[in-house]
Structures are given as C-alpha cells and as structure tokens.
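S.K.: Provided below are the primary sequence and the corresponding predicted coordinates.
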Amino acid sequence: MMFIPGIIIAVVTFPGVIIHEAAHQLFCRLCGVAVYEVKYFQFDLTTQGYVLHGGTKNFGESFLISVGPFLLNTLLCFLICIPASLPYQVFGDRNPVTYALLWLGVSIGMHAFPSTGDASGLWEQAVASAKKLNILAIISFPIIVLIFVANVLRVIWFDALYGFFIGIIVPTFIFKHL
C-alpha cells in the first residue's frame, strides 16, 4: 500500500469532508442542539473540519449527531453515483461528467465514517446510558466498535474502499441485475 498524507487525501476528496461536517451540523439542528462553530474544511494535519456544539438531552440525540454523517454521506454517495453508473455500466459512456459524478460520489462516501473523537464521546455516553438500561445505548456498542475499527483500517484505505463499494460496486450490481 502506498502512504499518502491525510491532508492530501482530504484536499482531493474535499466534498466528502464538507458534507460530513454539514451532516453533523444538520443533525444538531434537527435535534435542537446549539451549534457554536463550524469549519467545513481547513488545511490542518489533525482535523480537516469540525462542528462545535452544545450538549445533548439524551443518548438518542448524541447517537444521531455522531452517526449522522455516516447516514447522509452514504446516501449521497449512492444517489450521486447512480446517475453516473447507468450510462457507464449499461451504455459504456465514458465522458467527463460521468467521471466527475463518480469522483464526487466516492469522495463523499469516503468520509462517511465518524471520527475516533466522535466514537469516543459516543462510547462514554453509551456507557452512562446503558447503566440506565437505555436500549439504543446497549445496542450501539457494536456500532461504536465498528466505527473505531473503520478508523484503524483507514491506513489500508478502508474508507476509500467503502466509498468505492457504495458508489461503484452497489450500482453496478443493481444495473447488472435489472
């Protein structure tokens, strides 16, 4: 595997970073949680974007705000790549718009996974909520562990493989079985 610094990957796939942070902000707004500051994208070696928000009222809100980017980025990756996949897979059309849509979709899909910071905060809240027998908190433990695993696997391009799978493989499978 080739090592490419994270900042270069973030610059090449900047739409995914922006959508990821916008998703955090969107779910904060949907949950009625105050948003104090948003950086949709920045040239920083530690974090390419962030959302600073207020506290949540319950574990459900924390869960939605943390996993919101996974839901939105995955959905947008698929929806953006579908119109490009049809002409590409069915008709063999290889034009610049097709490639641009595929890049955009996969870039967004690559940034679906919450960060380890999001997972750490969610883990702490899940532990506290699970002690109160909160069902969502209890069933969220495997999801949080998967978030940690996905972040560790970024060194072998797991995030890129995920974006490729959702944006290229899934639509290809669909069109080949229509």
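M.R.: Now that the structure is in, tell me what you want to look at.

S.K.: Walking through this protein, point out its helices one by one.
M.R.: Using DSSP state H, the helices of the chain run over residues 6-12, 14-31, 59-85, 91, 96-110, 116-131, 135-152, 158-164, 170-176.

S.K.: Between those, which one is closest to residue 38.
M.R.: Taking C-beta to C-beta, helix 14-31 is the member of the helices of the chain nearest to residue 38, at 5.5 Å. The C-beta positions use only the backbone N, C-alpha and C, and glycine is treated the same way.

S.K.: buried residues in that closest one?
M.R.: Going by neighbour count (16 or more other C-beta atoms under 10 Å), the buried part of helix 14-31 is 14-28, 31.

S.K.: nearest to residue 168, of those?
M.R.: Nearest to residue 168 among the buried residues of helix 14-31, with distances taken as C-beta to C-beta, is residue 16, at 14.8 Å.

S.K.: Just give the number of residues close to residue 77.
M.R.: By other C-beta atoms under 10 Å, 30 other residues sit near residue 77.

S.K.: Quick one, grab the pLDDT at the closest residue to it other than its chain neighbours.
M.R.: Once flanking residues are discounted, residue 77 sits nearest to residue 109: 3.1 Å by C-beta to C-beta, 6 or more residues apart in numbering. What the model reports for residue 109 is a pLDDT of 98.

S.K.: ok, residue 109 to residue 135 distance?
M.R.: 29 Å (C-beta to C-beta, to the nearest Å).

S.K.: and those two? which has more neighbours close in?
M.R.: residue 109 (31 against 10).

S.K.: So the more buried one is in contact with residue 170, correct?
M.R.: No: if you go by C-beta atoms under 8 Å, residue 109 and residue 170 don't touch, sitting 10.0 Å apart.
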